[in-house]
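> Predicted model and sequence follow; I will ask about them next.
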Amino acid sequence: MKLEDKLARFLERDTGVVILRSEVAPLGSAAQVGRVLAKMVRDGRLVRVSIGVYCKTRVNKFTGRLAPAAPFETIAAEAFRKLGIEVLPGRLAREYNERSTTQVPMTPVVSTGKRRIRRKIQVGSKTVKYER
C-alpha cells in the first residue's frame with residue numbers, strides 16, 4: 001500500500017480537523033511524509049496552517065470550491081490543543097463574553113499568559129495574534 005493511501009485512510013478515520021505532521025510521521029520516512037503532505041496540499045485535500053500543522057478541506061456547498069473543513073477559530077483552537085499550548089481568549093473577547101461591551105472582536109487574538117509564542121497560525125488571510 002502506498003503512503004498516500006495510508007495517509008488518506010488516516011484522514012478518513014481521524015475525527016478532528018487538524019492533523020499534525022508528528023501524527024503521521026510513523027507511516028513513513030520524513031522525506032516521504034513531507035512529499036505526500038505537500039502533494040495533498042497541492043491537490044487541495046489539505047490546507048497548511050503552520051509548520052507541521054495541516055487542516056482538512058471539504059467542498060463548500062454554496063460556492064462548490066474546496067474550503068477548510070471548519071471555521072478559523074475552531075482550527076486555531078484545535079491546533080493549540082494538539083500542540084499542547086494553553087491559550088485563553090484575548091482581552092476584547094473576554095470583555096465581550098462578560099457582556100461589558102457590545103463590540104464584537106473581529107480579529108482572533110489569544111492571550112498566552114507569560115508564555116512566549118512565535119508560531120504563526122494562518123488560514124488564507126486570517127492570522128492569530130498574540131497578547132500577553
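Happy to help now that I have it. Residues are numbered from 1 along each chain as shown.
> Distance of Pro71 relative to Val123?
9 Å (Cβ to Cβ, to the nearest Å). Every residue, glycine included, has its C-beta placed from N, CA and C.
> more neighbours, these two?
Ranked by neighbour count (other Cβ atoms under 10 Å), Pro71 and Val123 place Val123 first, with 20 against 12.
> Tell me, what's the model's pLDDT at the more buried one?
Per-residue confidence (pLDDT) for Val123: 91.
> How about the contacts made by it?
Taking Cβ atoms under 8 Å, 6 or more residues apart in numbering, we find Val123 in contact with 47, 49, 55, 68, 72, 75.
> Narrow those residues to those in strands?
Among the contacts of Val123, DSSP state E puts 47, 49, 55, 68 in strands.
> Return the residues in contact with Ser111.
87-91, 130-132.
> now, the most widely separated pair of the ones in strands among the contacts of Val123?
Among the ones in strands among the contacts of Val123, the pair separated by the greatest distance (Cβ to Cβ) is Val49 and Pro68, at 8.5 Å.
> how close does Arg116 sit to Ala79?
From Arg116 across to Ala79, the span is 17 Å (Cβ to Cβ).
> who's more crowded, the two?
Taking other Cβ under 10 Å, Arg116 and Ala79 do not tie; Ala79 has more neighbours (25 against 8).
> Retrieve the pLDDT associated with the more buried one.
92.
> Mind checking what secondary structure it has?
Recorded secondary structure, Ala79: helix (DSSP: H, G, I helix; E, B strand; the rest coil).
> which ones are touching it?
The contact partners of Ala79, by Cβ under 8 Å, 6+ apart, come to 18, 49-50, 53, 121.
> that older thread, return the closest of the ones in strands among the contacts of Val123 with respect to Leu83.
Nearest member of the ones in strands among the contacts of Val123 to Leu83, counting by Cβ to Cβ, is Val49, at 10.7 Å.
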